[in-house]
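Asks: Okay, sequence plus prediction incoming.
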Amino acid sequence: MAKIWLVTGASSGLGRAVAGAVQARGRAGQADIVVATARDTAAIADDFAAVLRVDVRDQGTVDAAVEHTIRTHGRVDVLVNSAGHGLVGAVEELSDGDLRQVLDVNLFGAVRMTRAVLPHMRDQRGGHVVQLSSVGGVVGNPGHAAYAASKFALEGLSEALAGEVAPWGIRVTIVEPGPFRTAFAGRSIHYADRLDAYAQTPAGRLRERFADQDGHQPGDPDKAARAILAAVDDPASPLRLPLGSAAVDRIRAKLTAQLDDLASCDTTARDAEY
């Protein structure tokens, strides 16, 4: 059966790559349908089933997109939460407004979209929610605190969500990309106001690294999109899907270090009981 895909952030990055891959597959004979959404739709090709303006911070536009998809196509089989907001800055450099803006898009935006589709997925007893997280949802990089906060939160929420919706046959995939050749490190990234104290620290140097890596990232967005489609097609795919060598290596190092820490404090931890 053809799947109906609802993709946020489809004007750029991995959202654009996923929407394009699904559309290409439809042209090749598997008649999947894409409803592509973004806050700015000017950059989205007009050959999708629908192109809708959605600002994931605005519940009204979220509800309208889901209602349009259900009214037109009868169902939503796959929701891809790809809309995102990047921000570089040390914790001390972040304003409350900076942090709220990142959380409102990366966490609450995904929550708004997910809650809007879940009643329909429960009624149809099936569906798939794809959450675009990041290696930054597992590893907190100095200078990327706000982004890590939003993605760590999204991962925890999505892990719990997977258990909550499994009784209705609804699946969840958390995608954890490393650096991919999108505009994320270039025109799409935002910077907190700089404090000179951090200029020569890892947090301060992250600003320069982002500018240097723009356009040189090793990850191929089209290959990432194909991997995401394969995970949706495979009923045995795991909850988490890291993408790119950097993601695999950094996540493995983080988990290994956590296991080492756990072993080192095992006795102390167990002694903290009655």
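Replies: Received the coordinates, thanks.
Asks: Compute the number of surrounding residues for the closest residue to residue 8 other than its chain neighbours.
Replies: Counting by Cβ to Cβ, 6 or more residues apart in numbering, residue 83 is the residue found nearest to residue 8 once chain neighbours are left out, at 4.1 Å. C-beta: built from backbone N, CA, C; applies to glycine. Residues near residue 83, counting by other Cβ atoms under 10 Å, number 26.
Asks: what about residue 83, distance to residue 172?
Replies: 17 Å (Cβ to Cβ, to the nearest Å).
Asks: about what we covered before: list the contacts of the residue nearest to residue 8.
Replies: Contacts for residue 83 (Cβ atoms under 8 Å, 6 or more residues apart in numbering) come out as 8-9, 15, 38-39, 54, 56, 105, 109-110.
Asks: check which helix or strand covers it.
Replies: Secondary structure assignment for residue 83, by DSSP states H and E: no helix or strand.
Asks: SS state for the residue nearest to residue 106 when sequence neighbours are not counted?
Replies: The shortest distance from residue 106 to any residue other than its chain neighbours is 3.6 Å, reached at residue 150 (Cβ to Cβ, 6+ apart). Counting by DSSP: H, G, I helix; E, B strand; the rest coil, the backbone at residue 150 sits in helix.
Asks: quick check: mean pLDDT across whatever helix or strand residue 19 lives in?
Replies: Using DSSP H and E, residue 19 maps to helix 13-27. Mean pLDDT, computed over helix 13-27, is 90.
Asks: same thing with stretch 173-182?
Replies: 90.
Asks: How far away from the center of its chain is it?
Replies: Computed by Cα atoms, centre = their mean, to the nearest Å, the separation of stretch 173-182 from the middle of its chain amounts to 8 Å.
Asks: and that stretch, C-alpha only, in CSV?
Replies: Extracted C-alpha coordinates of stretch 173-182, given in CSV (Å, rounded to 0.1, in the frame of the first residue of the first chain):
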residue,chain,number,x,y,z
THR,A,173,12.7,6.2,14.7
ILE,A,174,15.2,8.6,16.2
VAL,A,175,17.6,9.7,13.5
GLU,A,176,21.1,10.8,14.8
PRO,A,177,23.1,12.4,11.9
GLY,A,178,26.6,13.6,12.2
PRO,A,179,27.8,16.4,9.9
PHE,A,180,26.0,16.3,6.6
ARG,A,181,26.5,18.6,3.6
THR,A,182,23.5,20.8,4.2
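Asks: So for the helix-or-strand element of the chain with minimal mean pLDDT, what gets flagged as buried?
Replies: Counting by mean pLDDT, DSSP states H and E, the chain has its least confident helix or strand at helix 202-213, which shows a mean of 83. Of all the residues in helix 202-213, those buried under the rule 16 or more other Cβ atoms under 10 Å are 203-204, 206-207, 210.
Asks: And it, what does it pack against?
Replies: Helix 202-213 sits against strand 86-88, with contacts defined as 3 or more Cβ pairs under 8 Å, 6 or more residues apart in numbering; DSSP states H and E.
Asks: Please name the strands paired to the strand it packs on in the sheet, noting orientation.
Replies: strand 189-191 (parallel) (DSSP bridges).
Asks: how far out from the middle of the chain is the strand it pairs with?
Replies: 17 Å.
Asks: Alpha carbons only: can I get the least confident helix or strand of the chain in PDB?
Replies: Output in PDB follows, covering the C-alpha atoms of helix 202-213 (Å, rounded to 0.1, in the frame of the first residue of the first chain):
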ATOM      1  CA  PRO A 202      36.400  24.700  22.900                       C
ATOM      2  CA  ALA A 203      33.100  26.600  23.100                       C
ATOM      3  CA  GLY A 204      34.500  29.600  21.400                       C
ATOM      4  CA  ARG A 205      36.400  27.700  18.800                       C
ATOM      5  CA  LEU A 206      33.200  25.900  17.700                       C
ATOM      6  CA  ARG A 207      32.100  29.100  16.000                       C
ATOM      7  CA  GLU A 208      35.100  28.900  13.700                       C
ATOM      8  CA  ARG A 209      34.800  25.200  13.100                       C
ATOM      9  CA  PHE A 210      31.200  25.600  11.900                       C
ATOM     10  CA  ALA A 211      32.300  28.200   9.400                       C
ATOM     11  CA  ASP A 212      35.200  26.100   8.200                       C
ATOM     12  CA  GLN A 213      33.200  22.900   7.700                       C
END
